[in-house]
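> Here's my sequence, what's the structure:
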Amino acid sequence: MDPEASRIECYRAEAGAYALAVQAQGEASLSHPDWPGLTLSLADLWR
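Numbers count the residues shown, from 1 in each chain. Sure, this is the predicted structure:
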């Protein structure tokens, strides 16, 4: 999470390393593929 850039990145473990799964920036919504049904509103995080 980078509040100054209003950006969040989510990773997952794959083949013994971490790989970027999803990222979002600004006021977008973010949904991680490993947690269906969970959506984060980035606008709410940056308040």
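> where does the chain dip in pLDDT?
Scanning the chain for pLDDT under 70 picks out no residues.
> residue boundaries of the strands in this protein?
Taking DSSP state E as the test, the strands found in the chain are 7-14, 17-25, 29-31, 39-41.
> Give me the nearest residue to residue 30, chain neighbours excluded.
Distance criterion Cβ to Cβ, 6 or more residues apart in numbering; nearest residue to residue 30, sequence neighbours excluded, is residue 24 at 4.0 Å. The way it works is simple: take the backbone N, C-alpha and C, and place the C-beta from them, glycine included.
> Quickly note the distance from the one you found to residue 14.
Here the criterion is Cβ to Cβ, to the nearest Å. By it, residue 24 lies 20 Å from residue 14.
> Have a look at the two and say which one is more surrounded.
residue 24 (17 against 10; other Cβ atoms under 10 Å).
> bridging residues for that one?
residue 8 (DSSP bridges).
> Please look at it and residue 2 and confirm they touch.
No: in this structure, residue 24 is not within contact of residue 2 by Cβ atoms under 8 Å, at 11.4 Å.
> Touching both of these two, which residues are there?
residue 8 (Cβ atoms under 8 Å, 6 or more residues apart in numbering).
> Throw the strands of the chain into JSON lines and include distance to residue 47, thanks.
JSON lines is the format used below for those (distance: least, Cβ to Cβ, whole Å):
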{"stretch": "strand 7-14", "distance to residue 47": "14"}
{"stretch": "strand 17-25", "distance to residue 47": "16"}
{"stretch": "strand 29-31", "distance to residue 47": "15"}
{"stretch": "strand 39-41", "distance to residue 47": "10"}
